[in-house]
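>>> here you go, sequence then predicted model.
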Amino acid sequence: GQQVMQIPQYQHVQEGEDFTTYCNSSTTLSNIQWYKQRPGGHPVFLIQLVKSGEVKKQKRLTFQFGEAKKNSSLHITATQTTDVGTYFCAGSTQGGSARQLTFGSGTQLTVLP
Amino acid sequence: GAGVSQTPSNKVTEKGKYVELRCDPISGHTALYWYRQSLGQGPEFLIYFQGTGAADDSGLPNDRFFAVRPEGSVSTLKIQRTERGDSAVYLCASSLLRSGANVLTFGAGSRLTVL
């Protein structure tokens, strides 16, 4: 079955430093989504990428979808304490059970003030 | 409603007991999903409903797990003969399916603890 892997599992950064998490799928994806889960909270949708090589920005967050549509990354510039949480990628494949998303195991970000 | 509502927020039960978890999706969202999240892990897909029918139940771990959505709105996840390994947060999500888009709005989850 489809597998989605994320690295690193944990990341501690000093406030103001940059942060990147990487997502790799065992199969070609039709789209990839990113979610953020605050401590004690539930996943909240951030963005969806659909096109090969697509890059999207949300303020300090930059999301990329690989050319082969099998990997993605999330980069945060100049982290703030409000960025604390776990970031999940979730991929969807075409055909079959196309409507289910497969989540990665997440990257837990800690920002030290 | 304004968001996805899940009840109970916490459930503690004994091994072997029967449990029901309820999800009330966003009004008008035709798609409903159940995921399970263990500590330190990402959400694990269980089942997906499109309307009243289970369009994909391939994630249900075994026949102790069952879910219904009789009127195409509220859904109930049912777990029979609970085991300690069933302890997790059960997340419900709904979405308004559009072509090429499948954005999930999650509820706060039901934390199940099996003693």
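Received, thanks.
>>> pick out the residue closest to the middle of chain B.
In chain B, the centroid-proximal residue (CA atoms, centre = their mean) is residue B:34; its distance is 3.0 Å.
>>> what's the helix or strand for that one?
Element membership for residue B:34, per DSSP states H and E: strand B:31-37.
>>> show me the contact partners of that strand.
With contact meaning CB atoms under 8 Å, 6 or more residues apart in numbering or on different chains, strand B:31-37 is reached by A:99-100, A:103, B:23, B:25, B:43-50, B:67, B:69, B:75, B:77, B:88-97, B:102, B:104, B:106, B:109. (Each C-beta comes from the backbone N, C-alpha and C, glycine too.)
>>> and it, which strands flank it?
Using DSSP bridges, strand B:31-37 pairs in its sheet with strand B:44-50 (antiparallel), strand B:88-95 (antiparallel).
>>> name the next helix or strand downstream of the last one, please.
Sequence-wise, the next helix or strand downstream of strand B:88-95 (DSSP H and E) is strand B:105-106.
>>> what helices or strands is that following strand leaning on?
Contact here means 3 or more CB pairs under 8 Å, 6 or more residues apart in numbering or on different chains; DSSP states H and E; on that basis strand B:105-106 packs against strand B:88-95.
>>> from the middle of its chain, how far away would the host helix or strand of residue B:111 be?
Using DSSP H and E, the element containing residue B:111 is strand B:110-114. Taking the mean of its C-alpha atoms, strand B:110-114 sits 12 Å from the chain's own mean (CA atoms, centre = their mean, to the nearest Å).
>>> cool, and stretch A:53-71?
Relative to its chain's centre, stretch A:53-71 lies at 9 Å (CA atoms, centre = their mean).
>>> equivalent analysis for stretch A:5-15, please.
Taking the mean of its C-alpha atoms, stretch A:5-15 sits 11 Å from the chain's own mean (CA atoms, centre = their mean).
>>> hey, which of the strands paired with strand B:31-37 is tucked in deepest?
Most buried of the strands paired with strand B:31-37 by mean neighbour count (mean count of other CB atoms under 10 Å in any protein chain shown) is strand B:88-95; its value is a mean of 24.
>>> next, the angle from it to strand B:110-114.
Interaxial angle of strand B:88-95 relative to strand B:110-114 (axes from the mean of the first three to the mean of the last three CA atoms, to 10 degrees): 150 degrees.
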